[in-house]
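# Based on what follows, work out the 3D shape:
(2 chains)
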There are 2 protein chains.
Amino acid sequence: MKGQKKTLEDIFMAGVKAVDPERAIQKYVRRQGNQLFVGDCSYGLDSYRKIFLFGAGKGTAPMAKAMEDILGEWLTNGLIIVKYGHGIPLEKTQILEAGHPIPDKAGLEATEELLKQTQECTEDDLILCVFTGGGSALLPAPTFPLTLDEKQETTHLLLECGATINEINAIRKHLSRSKGGRLAKEAYPATIVSLLLSDVIGDRLDVIASGPTVPDESTYSDCIKIIDRYKLSDRLPKSVTDHFIKGAAGSLPETPKPGDPVFSKVQNLIVGNNRESLLAAKERAISLGYNTIILSSQIEGEAREVAHVFAAIGKEISQANLPISSPACVIAGGETTVSIQGRGKGGRSQELALACAIAIDGWEGISLLSAGTDGTDGPTDAAGAFVNGATCKRARRMNSDPRDFLLTNDSYTLFASLGNLLKTGPTRTNVMDIICMLVQA
Amino acid sequence: MKGQKKTLEDIFMAGVKAVDPERAIQKYVRRQGNQLFVGDCSYGLDSYRKIFLFGAGKGTAPMAKAMEDILGEWLTNGLIIVKYGHGIPLEKTQILEAGHPIPDKAGLEATEELLKQTQECTEDDLILCVFTGGGSALLPAPTFPLTLDEKQETTHLLLECGATINEINAIRKHLSRSKGGRLAKEAYPATIVSLLLSDVIGDRLDVIASGPTVPDESTYSDCIKIIDRYKLSDRLPKSVTDHFIKGAAGSLPETPKPGDPVFSKVQNLIVGNNRESLLAAKERAISLGYNTIILSSQIEGEAREVAHVFAAIGKEISQANLPISSPACVIAGGETTVSIQGRGKGGRSQELALACAIAIDGWEGISLLSAGTDGTDGPTDAAGAFVNGATCKRARRMNSDPRDFLLTNDSYTLFASLGNLLKTGPTRTNVMDIICMLVQA
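Model prediction:
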């Protein structure tokens, strides 16, 4: 296991490093004199009256740092909102810290300040934005007269009744003054360039940080339909239901839609995502001598069930050199879910690893690392965990039945006792999770 | 969809045909004069006093037919047990029909007859056996003094409490006079050649038809441990618990273990399995112009969750040509499970297809067929179902929400109304399920 562990961590970290926020910015943004190049676009910096740097999200501090370095004297000033403890010293950009994942008063005040500064921008200004995962919670701005509590109660009820993430997003965008393109509307007619680090499946621009500068396709009528579908009209705060009814009746401004003029001078660009991370991990695995495939960067589903598919592929490689020949490395990414059944300690990545350990019990030559690129898996201090065909045997020798730990969602406790945890500390980035499996005949 | 459907069915049927029981036998067994070649071994037919053909399983009739054709005059006589309605005319082999999946009195009597004939064999005899899926239910022979009802109650309780398939097999083998190598023990010292069509994950010889001619590694002590683990000692029939206690105390003969002399003249050979089926399907897909990979022939897990992984791979191919380039065909096999939540009509293959349809909603160019190689999926007349990125839209147009059908395990009802079912009729073979996905950019 020792050698496998080192190799798996090596491949994983190659993936993480490829999406470091600072490097991500440097890869897509550069300046030559007064010309700023962002992806396929360029901006003549001397044509703007003022240049601002705004943003929100857990990983935005290093992105802002990179932007300050690139812009130098051209930057007028800036304001970004990060999670408590995630601030770093910046030259011209003010950092406000706020609550995450539960929004708080500090977040409300910070967002008010950001909206105010945005509104003050003119058509002669350039706004550079940085957004990452966590941006949604760090940009709370309930539409008047709703309160933060009412908004959160709404989200909570929707989660509880099994609404899809798309449905929850539609609702949230229609209760907010910052989300669903509304920040762009406030800034209009300033020029906006948004740089996004994607922590969502499929890299949907309107989902990352709830898309403050991205057109929204959902409507107030959709919100009413969602409420009806889950029979929530009597359970939601009355102010929320009233708001949607008013909106659907046309008495409130809609979120700006695709084609709206407010987006005529907006560029949204993803500067890092799970796939980039996997491609770098793949390159590293190949350099270490493994036949390597990337399955997908969009893995979803219940962690313990998804684990079965990885085990099945590992066994097939081991027995039949399918889909690729041994020594093989299978890489995938995405974000699985865990339906909580017990009261144990763990996270989705550790749970996937545990279920896989049980499925590959006794299979020598198969090993797997499943971990979060942000260095955190669930409410634990681990990024994820390593397992191999001998993990269950080692557990049983300590009189632990791995299935009991899976039953109670207690993967962390088992892996801590086995020394199988991966602890990286905060990586400053987040492009969801990586799963890496090695198979040696 | 029409073209995709035809292509998917074409690829699936190429897989099914490759494991037709008759063809499977012809692939591995041939005779030249008095020499019978079976896989890597050969048998001089003139050195045996008598040559018998025994067997049990849903697909054994065509296997017996092929064996009769190969052996010709050399065959003395035979006896096979098949499911009601699965008999075909044979020359020298008696066919007895019995209950499946629930064993019945006819099965009991047929098994008694088979055991009697086996016991009469001498060391100068050659026994050729054919086993397929269903063989376990068709070979009921509870150890004296247990009854079939007591045995079934035991299996039922084990299933209910979440015992693993390995645990259930250990228990079943220790309550039987035919399973777990006991048929080989009865036949000893005759020579045995068993030809198996595998319907189990990983092709474990001791699991196919419960391994009548295969060494068993489990013990009476294991059975006691399993009963303790699930706290069943007070719930099982007293005769069953007593039987295990007696066995663990050494008062009853164990199932024959690896290395036991009863296996000194036994050859067990798999003549068809899911992987062979997938390889043939792959060949067909390649000939149709698709870049093709086999993911695994050992897919397990909850059908609706496994579906997410296929959807994720389809999307990745569509967006990034990973793991292979479009036009792509991804093939996999195995046996998923369904945790029943509702009272709808469906099967694991149709449920996987439905969950996939929801996950690829709106993704043009992705289509999938998920179906059982035996032509049956759950208690339905369909083998499986086709879906693509437009399936959900078509359902909504008919005022059906696909998610409602998934929630109630009612995939068949939806697919019947959409015309998305694959109906092949009985295929006479069974190597579990095949999943085939096409992705066209």
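
# contacting residues around residue A:235?
residue A:157 (CB atoms under 8 Å, 6 or more residues apart in numbering or on different chains). No exception for glycine: its C-beta is placed from N, CA and C like everyone else's.

# Other residues contacting stretch A:391-398?
Against stretch A:391-398 from outside (CB under 8 Å, 6+ apart): A:357-358, A:361-362, A:401-402, A:405, A:414, A:417-418, A:420.

# Surely residue A:293 is within a strand?
Yes. According to DSSP: H, G, I helix; E, B strand; the rest coil, residue A:293 belongs to a strand.

# Tell me who's in contact with it.
With CB under 8 Å, 6+ apart, residue A:293 has these contacts: A:282, A:323-324, A:328-331, B:322-323.

# buried set for stretch A:105-124?
For stretch A:105-124, the neighbour count (16 or more other CB atoms under 10 Å in any protein chain shown) marks A:106-108, A:110-111, A:114-115, A:117-118, A:121 as buried.

# Contacts for the helix or strand hosting residue A:112 next, please.
Using DSSP states H and E, residue A:112 maps to helix A:105-119. For helix A:105-119, contacts defined as CB under 8 Å, 6+ apart pick out A:52, A:54, A:56, A:79, A:81, A:96-100, A:127, A:137-141, A:148, A:177-178, A:183, A:186-187, A:190.

# circling back: please tabulate the buried residues of stretch A:105-124 in TSV and include pLDDT as additional columns.
Below are the buried residues of stretch A:105-124 laid out as TSV (pLDDT from 0 to 100):
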residue	pLDDT
A:106	96
A:107	96
A:108	96
A:110	97
A:111	97
A:114	97
A:115	97
A:117	97
A:118	97
A:121	97
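
# And these, which is closest to residue A:23?
residue A:114 (25.7 Å; CB to CB).

# how close does the closest one sit to residue A:80?
Between residue A:114 and residue A:80 the computed distance is 9 Å (CB to CB, to the nearest Å).

# Distance from the chain centre to the helix holding residue A:112, please.
22 Å (CA atoms, centre = their mean, to the nearest Å).

# I'd like the next helix or strand past it.
Following helix A:105-119 in sequence, per DSSP H and E, is strand A:126-131.

# which helices and strands does the helix or strand following that next one pack with?
Next in sequence after strand A:126-131, counting helices and strands by DSSP H and E, comes helix A:135-138. If you count contacts as 3 or more CB pairs under 8 Å, 6 or more residues apart in numbering or on different chains; DSSP states H and E, helix A:135-138 packs onto strand A:51-56, strand A:77-83, helix A:105-119.

# before we move on, back to that, quick check, nearest of the buried residues of stretch A:105-124 to residue B:426?
Distances from residue B:426 to the buried residues of stretch A:105-124, taken by CB to CB, are shortest for residue A:107, at 62.8 Å.

# now the contacts of residue A:293 as JSON lines including neighbour count, distance to residue A:27 and pLDDT?
Output for those, formatted as JSON lines (neighbours: other CB atoms under 10 Å in any protein chain shown; distance: CB to CB, whole Å; pLDDT from 0 to 100):
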{"residue": "A:282", "neighbour count": "22", "distance to residue A:27": "17", "pLDDT": "98"}
{"residue": "A:323", "neighbour count": "24", "distance to residue A:27": "31", "pLDDT": "98"}
{"residue": "A:324", "neighbour count": "19", "distance to residue A:27": "29", "pLDDT": "98"}
{"residue": "A:328", "neighbour count": "26", "distance to residue A:27": "29", "pLDDT": "98"}
{"residue": "A:329", "neighbour count": "27", "distance to residue A:27": "24", "pLDDT": "98"}
{"residue": "A:330", "neighbour count": "26", "distance to residue A:27": "26", "pLDDT": "98"}
{"residue": "A:331", "neighbour count": "28", "distance to residue A:27": "20", "pLDDT": "98"}
{"residue": "B:322", "neighbour count": "22", "distance to residue A:27": "20", "pLDDT": "97"}
{"residue": "B:323", "neighbour count": "24", "distance to residue A:27": "24", "pLDDT": "98"}
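
# Of the residues you listed, which belong to helices?
Secondary structure assignment (DSSP state H) places residue A:282 from those within helices.

# Of the contacts of residue A:293, which pair is most distant in space?
The widest separation within the contacts of residue A:293 (CB to CB) is 15.6 Å, between A:328 and B:322.

# Residues of the stretch 201-350 of chain A that sit close to chain B?
A:202, A:275, A:293-302, A:305-309, A:311-313, A:315-316, A:320, A:322-323, A:332, A:334 (CB under 8 Å from any CB of the partner chain).

# filter the residues you listed to the buried ones?
A:202, A:275, A:293-302, A:305-309, A:311-313, A:315-316, A:320, A:322-323, A:332, A:334.

# and the angle for the helix holding residue A:112 with strand A:126-131?
150 degrees (axes from the mean of the first three to the mean of the last three CA atoms, to 10 degrees).

# which residues touch whatever residue of the stretch 1-150 of chain A ends up closest to chain B?
Nearest residue of the stretch 1-150 of chain A to chain B: residue A:15, at 14.2 Å (CB to the nearest CB). Applying CB under 8 Å, 6+ apart to residue A:15 gives the contacts A:277-278, A:280-281, A:284, A:331, A:333, A:373, A:434.

# List just the nearest of those to chain B.
Nearest to chain B out of the contacts of residue A:15 is residue A:278 (CB to the nearest CB; 8.1 Å).

# Could you report the neighbour count for whichever residue of the stretch 51-200 of chain A sits closest to chain B?
Nearest to chain B in the stretch 51-200 of chain A, going by CB to the nearest CB, is residue A:164, at a distance of 8.5 Å. By other CB atoms under 10 Å in any protein chain shown, 12 other residues sit near residue A:164.

# How about residue A:90?
Neighbour tally, residue A:90, other CB under 10 Å: 17.

# Please apply the same query to residue A:54.
27.

# How much space separates residue A:288 from chain B?
Applying CB to the nearest CB, to the nearest Å, the value for residue A:288 to chain B is 18 Å.

# Identify the spatial nearest neighbour of that residue, chain neighbours not counted.
Leaving out its chain neighbours, the residue that sits closest to residue A:288 by CB to CB, 6 or more residues apart in numbering or on different chains is residue A:7, at 6.2 Å.

# just for chain A, where's the confidence low?
Residue ranges of chain A with pLDDT under 70: A:1.

# Got the domain ranges for it?
A:20-141+A:176-218+A:255-272, A:275-439 (automatic domain parsing).

# can you redo those as a markdown table with distance to residue B:169?
As requested, the domains of chain A are exported to a markdown table (distance: least, CB to CB, whole Å):
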| stretch | distance to residue B:169 |
| --- | --- |
| domain A:20-141+A:176-218+A:255-272 | 39 |
| domain A:275-439 | 16 |
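
# Neighbours of residue A:47, how many?
10.

# just residue A:35 next, same as before
12.

# That one: what's it in contact with?
Here residue A:35 is in contact with A:42-45 (CB under 8 Å, 6+ apart).

# Weed out the non-buried ones from those.
Counted by 16+ other CB under 10 Å, the contacts of residue A:35 give A:43, A:45 as buried.

# coming back round to it: where strands are concerned, which of the contacts of residue A:293 count?
A:328-331 (DSSP state E).
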